[in-house]
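Visitor: Whatever this is, show me its structure:
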Amino acid sequence: MAPAAQQLIGLIGHPIAHSRSPAMQQAALDALGIAARYELWDTPARKLKARVAALRAPGILGANVTIPYKAAVLPLLDDVTPEARRHACAVNTIVREEAGGQVRLVGHNTDLVAILRLLDEHAAWSASRRMLVLGAGGAAQAALGAALLRDAEPWVAVRHPKRGRAALAALWAREHAEADAPPPLPRAWRERVVDLANAGALEAALAHTGVLVNATPVGLGDPQSSPLPLALLRTLPREALVFDMVYSPPETALVRAARAAGLRAAGGLLMLLYQGAAAFTLWTQREAPLAVMRAALDLSATE
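Guide: Residues are numbered from 1 along each chain as shown. Below is the predicted model:
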């Protein structure tokens, strides 16, 4: 019997040379004997439309999407799951579906799945039901959506407050999209935007924060860089959770300082594992071999 033709999955983003996804996903594919290869598809902005269109070709299972395209791919797809559109307004996983000779590209957000799992495993709300998210991009939208799904208060800290207000306004609008006339953004929500350059305001917000999330790329590839002054971490309640979405290095300056301050902390590798496992199942319709994927990421060294 001839061997099955090899299929392809890839990561779409720019830049992506640092990604750990190929090692994790290829280990999972090989462990289950699935004839597929996971590749890096570094894509400049001018080629994004063509790259997504290429996913319609035979032999493609789908793709992951990362910075800076998680929102940009939305109009290039045939459909987006309600969860991805409403609670994250971003896509990090594309699945190629074919039925009756018709090919459809469907967008999912497994970042949201991963964040919820991580928050639940860490009993995240033992200190406060406020989540303060650093950043306002696609990853931040997933974190903010997760906060609402757990009945927590979404807060945003950014260098440009206008972007933070826009992020919260978009979240509010999506959560009330079914209303005939969505209510205006409440004043209480407008006051949940913190200027990262205002140390006093940031300290006051941190004092009542149960979950601090770094959803910016600050710290990527730089073990000394932090998205906020590290001394401010001591303002957080004792039971607060600090979660850094950055996973390279495996222990960022933010995570290292949080642990030194006696706080609970998690790095981005755990989120990468959980979102990758959810994506793997969407592409293959097989349960992801979590232990194999965890070993490929060498998570034990960061826990």
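
Visitor: How are the helices of this structure distributed by residue range?
Guide: Ranges of helices in the chain, per DSSP state H, are 21-31, 48-53, 82-83, 110-121, 138-149, 161-175, 187-190, 199-206, 253-260, 268-284, 290-297.

Visitor: Burial-wise, tell me which of the ones you listed comes out on top.
Guide: Mean neighbour count (mean count of other C-beta atoms under 10 Å) peaks for helix 138-149 among the helices of the chain, with a mean of 26. Heads up, the C-betas are built off the backbone N, CA and C, glycines and all.

Visitor: who touches R85 in this structure?
Guide: Counting by C-beta atoms under 8 Å, 6 or more residues apart in numbering, R85 makes contact with L74, R174.

Visitor: what residues are up against A53?
Guide: L76.

Visitor: Give me the pLDDT value at it.
Guide: Looking at A53, its pLDDT reads 98.

Visitor: next one: A139
Guide: Taking A139 on its own, its pLDDT is 86.

Visitor: May I ask you to confirm that it is in contact with A215?
Guide: Yes. Distance between A139 and A215: 4.2 Å, which falls inside the contact criterion (C-beta atoms under 8 Å).

Visitor: Mutual contacts of the two, please.
Guide: Common contacts of A139 and A215, defined by C-beta under 8 Å, 6+ apart, comprise M245.

Visitor: just so I know, which of the helices of the chain lies nearest V95?
Guide: Nearest of those to V95, taken as C-beta to C-beta: helix 268-284 at 5.1 Å.

Visitor: What helices and strands are in contact with the closest one?
Guide: helix 21-31, strand 60-65, strand 93-99, strand 102-108, helix 110-121, helix 290-297 (3 or more C-beta pairs under 8 Å, 6 or more residues apart in numbering; DSSP states H and E).

Visitor: can you list the ones you listed in JSON lines and add distance to P183 and mean pLDDT?
Guide: Formatted as JSON lines, those follow (distance: least, C-beta to C-beta, whole Å; pLDDT from 0 to 100):
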{"stretch": "helix 21-31", "distance to P183": "40", "mean pLDDT": "97"}
{"stretch": "strand 60-65", "distance to P183": "32", "mean pLDDT": "98"}
{"stretch": "strand 93-99", "distance to P183": "32", "mean pLDDT": "96"}
{"stretch": "strand 102-108", "distance to P183": "28", "mean pLDDT": "97"}
{"stretch": "helix 110-121", "distance to P183": "24", "mean pLDDT": "94"}
{"stretch": "helix 290-297", "distance to P183": "42", "mean pLDDT": "96"}
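
Visitor: Quick one, which of these gets closest to R130.
Guide: helix 110-121 (12.9 Å).

Visitor: got the angle for that closest one vs helix 138-149?
Guide: For helix 110-121 against helix 138-149, the angle by axes from the mean of the first three to the mean of the last three C-alpha atoms, to 10 degrees is 50 degrees.

Visitor: what's next to helix 110-121, contact-wise?
Guide: Here helix 110-121 has contacts from 70, 83-84, 87-88, 90, 92-93, 124-125, 139, 142-143, 145-146, 149-150, 211, 241, 243, 266, 270-276, 278-279, 282, using C-beta under 8 Å, 6+ apart.

Visitor: Alright, I will stop here.
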